[in-house]
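Undergrad: Provided below are the primary sequence and the corresponding predicted coordinates.
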Number of protein chains: 2
Amino acid sequence: MDVQQIKAFAAQFDPQPFHLDDDAAKKTLFGGLAASGWHTAAITMRLLVTSGIPLADGVIGAGGEISWPRPTRPTDVLHVESEVLEITPSRSRPDRGMVTVRSETRNQHGDILQVFTAKMVVSRRP
Amino acid sequence: MDVQQIKAFAAQFDPQPFHLDDDAAKKTLFGGLAASGWHTAAITMRLLVTSGIPLADGVIGAGGEISWPRPTRPTDVLHVESEVLEITPSRSRPDRGMVTVRSETRNQHGDILQVFTAKMVVSRRP
């Protein structure tokens, strides 16, 4: 994450002062430039997809609960720690199931920036 | 939303076949090219910020519940319908409160593509 990436994402999807302008951000609740929560979510997804969860059909989320306990800052280096909480076979479709995965996005100091508990659609082995 | 935007977002944040390649997408659960759910979320945020919710300090989400009942397709034109569900003054900080807002992202046919029920941090009038 760096200043340019934060501002570029914000200009496209979340054009608010605390994501776009260092000086304006100081006067806001964030106290300085912060990434859009959706930017943190998008980078988390990239980490899950590229270095991530070994699902045969890909990472397909039906939805979940997301929270941003702290803002992501320009100097933050992100990584994701995921844990499978539950595996539920589908009742109506024997070839499918639902997996609940909790993913914490942390920076290099171990601060939790995002928690996403997702329900993912998966194939079942025959 | 168009094919190029879907693929560009996916290449950056969610590089999976069903978001990147029309032919490969046909053989997946999606049955054709679909936008990343995070792309839908990011566009929803842009709509909320630019045409949207009249909050003095901006749209600042602490978190919430998100779901994607249907995939967003290349021809979809998105709009958002929001409803304030709850307003809770902070107990510890008299100048703040929490507002719960449910936002449905729909396409031009009225199909619901995303539901996001968010808790937002707001200032209270003195």
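TA: Okay, I see it.

Undergrad: give me the phi and psi for the nearest residue to residue A:76 once chain neighbours are set aside.
TA: Closest residue to residue A:76 apart from its sequence neighbours, by Cβ to Cβ, 6 or more residues apart in numbering or on different chains: residue A:107 at 4.0 Å. C-beta here means a position set from N, CA and C on the backbone, and glycine is covered the same way. When read as degrees, to the nearest 10, the backbone of residue A:107 gives phi -90, psi -180.

Undergrad: residue A:107 and residue A:71 touch, don't they?
TA: No. Under the criterion of Cβ atoms under 8 Å, residue A:107 lies out of contact with residue A:71, with a separation of 10.4 Å.

Undergrad: what touches both of these two?
TA: residue A:113 (Cβ atoms under 8 Å, 6 or more residues apart in numbering or on different chains).

Undergrad: how close does residue A:75 sit to chain B?
TA: Spatial separation of residue A:75 from chain B under the definition Cβ to the nearest Cβ, to the nearest Å is 20 Å.

Undergrad: now that residue, what's its secondary structure?
TA: coil (DSSP: H, G, I helix; E, B strand; the rest coil).

Undergrad: number of residues surrounding it?
TA: As a burial measure, residue A:75 scores 10 neighbours (other Cβ atoms under 10 Å in any protein chain shown).

Undergrad: so what's it up against?
TA: For residue A:75, the residues meeting the contact criterion (Cβ under 8 Å, 6+ apart) are A:1-2.

Undergrad: returning to what we had before: give me the pLDDT for the residue nearest to residue A:76.
TA: According to the model's per-residue confidence, residue A:107 sits at a pLDDT of 97.

Undergrad: now the residue nearest the centre of chain A: phi and psi?
TA: Central residue of chain A (Cα atoms, centre = their mean): residue A:41, 2.8 Å from the mean position. Backbone torsions for residue A:41, taken as degrees, to the nearest 10, come to phi -60, psi -40.

Undergrad: give me every residue in chain A lying close to chain B.
TA: Counting by Cβ under 8 Å from any Cβ of the partner chain, the residues of chain A lying close to chain B are A:9, A:12-18, A:28-29, A:36-38, A:41-43, A:45-46, A:49-50, A:57-68, A:115, A:121.

Undergrad: got a PyMOL select line for the buried ones in these?
TA: Selecting in PyMOL just the buried members of those, where the criterion is 16 or more other Cβ atoms under 10 Å in any protein chain shown, is done with this command:
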select buried, chain A and resi 9+13+14+15+16+17+18+28+36+37+38+41+42+43+45+46+49+58+59+60+61+63+64+65+66+67+68+115+121
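
Undergrad: what about the strands in chain A?
TA: Applying DSSP state E to chain A gives strands spanning A:61-67, A:79-89, A:96-106, A:112-123.

Undergrad: what's the closest of the ones you listed to residue B:77?
TA: strand A:61-67 (22.3 Å; Cβ to Cβ).

Undergrad: among the residues of chain A next to chain B, which are in helices?
TA: Residues from those lying in helices, with DSSP state H as the criterion: A:9, A:12-13, A:17-18, A:37-38, A:41-43, A:45-46, A:49-50.
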